[in-house]
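Asker: Whatever this is, show me its structure:
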Amino acid sequence: MQSTSSQSQGLLLFRLSQLQNFALGTLKIKELVPYMPLTQLPNADANILGVASIRGRTLPIIDMAAAVGYPAMSEAEKKQATIIITDCSRMHVGFLVRKIERIVECNWKNIDPPPSSLGHKTYITGITRFENQLIQLLDVELLLAELFPDKDEKAVEITGVQKGLLQNSHILLVDDSSVARRQLESALTKIDVPFKVCKNGNDAFAVMKECAAKGNPIDILVSDIEMPGLDGYELTFEVRSVPAIAETYVILHSSLSSAMSMDRASQVGADQALAKFDAKELVNAMLIGAKKKH
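Answerer: Numbers count the residues shown, from 1 in each chain. You can find the predicted model right below:
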């Protein structure tokens with residue numbers, strides 16, 4: 001058996017500047033529409049240009065170039081621009097980009113994590129090449145978290161017995177998005193539950209084998225689905241193929257609301273699949289895993 005996630009998702013290539021190609025995975029994209037007049041929002045972030053009514057839904061429209069640090073679009077440029085409608089992190093949002101290039105097939109194993117030289121604050125989750133051109137994958141989750149911050153995030157309430165179950169479980173979190181890692185880490189830190197964390201599937205698989213070899217295997221794996229290199233589906237498949245770690249309780253999560261993503265998670269052997277991010281849902285899923293391990 002082999003995960004088909006890489007085969008089922010391409011990349012939409014587009015430009016935010018004249019020189020650099022950027023990309024989004026096609027599973028995040030609902031449709032592409034030409035620029036249209038927008039209704040202004042009072043007191044909105046400067047990068048939110050306004051709202052548009054598209055197919056009966058009112059969507060915020062974001063100048064993606066300005067949001068990631070490139071020059072904002074002029075009024076003349078907007079008339080030639082395209083809106084990318086995305087469904088991500090339980091939000092429908094439009095991103096205005098200067099130019100759509102094309103959709104290309106992509107094996108996500110050929111996407112590398114961004115180099116550390118890019119620094120801590122980066123909107124890039126992966127890099128690859130197409131026709132000898134560098135392609136950078138944008139971290140939409142980070143953009144959305146910055147533009148629409150959750151100011152009401154609270155600690156999940158659990159009982160002392162439940163906390164003890166999680167504290168006695170060896171937990172590994174893996175996600176390529178910096179904002180998603182912070183959300184996962186915050187949810188567990190607020191309830192005083194220890195964990196390990198990795199930025200990609202390859203590192204997570206190595207950590208799991210290392211922990212098992214030392215006699216302290218990972219009990220609960222919480223992994224993003226859509227990652228460069230070894231994605232969540234493939235990581236689950238690899239885990240199930242190694243006897244020393246095959247019994248790990250696997251929770252896959254995704255910013256994609258597609259039922260197809262959730263169904264495939266079950267097919268590759270995940271115990272649970274969640275649409276991220278909801279701290280209460282995550283903790284409840286981990287408690288189910290902890291009860292099965294103890």
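Asker: what does the helix or strand containing Ile85 rub up against?
Answerer: Ile85 is located in strand 82-88, with elements delineated by DSSP states H and E. By Cβ atoms under 8 Å, 6 or more residues apart in numbering, the surrounding residues in contact with strand 82-88 are 12, 14, 24, 28-36, 52, 54, 59, 61, 64, 92-97, 99-100, 140-141, 144, 255-258. (Each C-beta comes from the backbone N, C-alpha and C, glycine too.)
Asker: Centre of the chain to that strand, how far?
Answerer: For strand 82-88, the separation from the chain centroid amounts to 15 Å (computed by Cα atoms, centre = their mean, to the nearest Å).
Asker: Contact partners for the closest residue in space to Ser177 that isn't next to it in sequence?
Answerer: Using Cβ to Cβ, 6 or more residues apart in numbering and skipping residues adjacent in sequence, the residue nearest Ser177 is Glu141, 4.6 Å away. Contacts of Glu141 were listed using Cβ under 8 Å, 6+ apart, and they are Cys88, Ser89, Ser177, Val179, Ala180, Ser255.
Asker: circling back: need the next SSE after the strand holding Ile85, C-terminal direction.
Answerer: Using DSSP H and E, the first helix or strand after strand 82-88 is strand 91-97.
Asker: Next, the angle strand 82-88 makes with that next one.
Answerer: 150 degrees (axes from the mean of the first three to the mean of the last three Cα atoms, to 10 degrees).
Asker: what does strand 91-97 contact?
Answerer: In contact with strand 91-97 (Cβ under 8 Å, 6+ apart) are residues 14-16, 22, 30, 33, 35, 49, 52, 54, 57, 59-65, 73, 78, 81-86, 140, 144, 148.
Asker: and that strand, what's its mean pLDDT?
Answerer: Averaged over strand 91-97, pLDDT sits at 94.
Asker: ok now that strand, how far from the chain's centre?
Answerer: Centroid separation for strand 91-97 versus its chain: 16 Å, with Cα atoms, centre = their mean.
Asker: what does stretch 236-254 give?
Answerer: 19 Å.
Asker: Endpoints of that stretch, how far apart?
Answerer: Taking Cα to Cα, to the nearest Å, the first and last residues of stretch 236-254 lie 14 Å apart.
Asker: same question for that stretch, mean pLDDT?
Answerer: 94.
Asker: Going by neighbour count, list what's buried in it.
Answerer: 236-240, 245, 248-254 (16 or more other Cβ atoms under 10 Å).
Asker: Kindly report the same for stretch 105-122.
Answerer: Cys106, Trp108, Ile111, Pro113, Pro114, Thr122.
Asker: Format the contacts of Glu141 as JSON lines; extra columns: distance to Gln267 and neighbour count.
Answerer: What follows is the contacts of Glu141, written out as JSON lines (distance: Cβ to Cβ, whole Å; neighbours: other Cβ atoms under 10 Å):
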{"residue": "Cys88", "distance to Gln267": "23", "neighbour count": "23"}
{"residue": "Ser89", "distance to Gln267": "24", "neighbour count": "24"}
{"residue": "Ser177", "distance to Gln267": "24", "neighbour count": "24"}
{"residue": "Val179", "distance to Gln267": "28", "neighbour count": "19"}
{"residue": "Ala180", "distance to Gln267": "23", "neighbour count": "24"}
{"residue": "Ser255", "distance to Gln267": "20", "neighbour count": "25"}
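Asker: Show me which of those residues is closest to Leu230.
Answerer: Ser177 (15.5 Å; Cβ to Cβ).
Asker: check contacts around that closest one.
Answerer: Counted by Cβ under 8 Å, 6+ apart, Ser177 has contacts Thr125, Asp139, Glu141, Leu142, Asp224, Ser255.
Asker: was I right about the last one contacting Ser89?
Answerer: Spelled out, it's Ser255. Yes - using Cβ atoms under 8 Å, Ser255 is in contact with Ser89, at 4.6 Å.
Asker: quick revisit: now the two most distant members of the buried residues of stretch 236-254.
Answerer: Across the buried residues of stretch 236-254 (Cβ to Cβ), the longest gap, 21.9 Å, separates Ile245 and Ser254.
Asker: tell me the pLDDT at Ser74?
Answerer: pLDDT at Ser74 comes out at 92.
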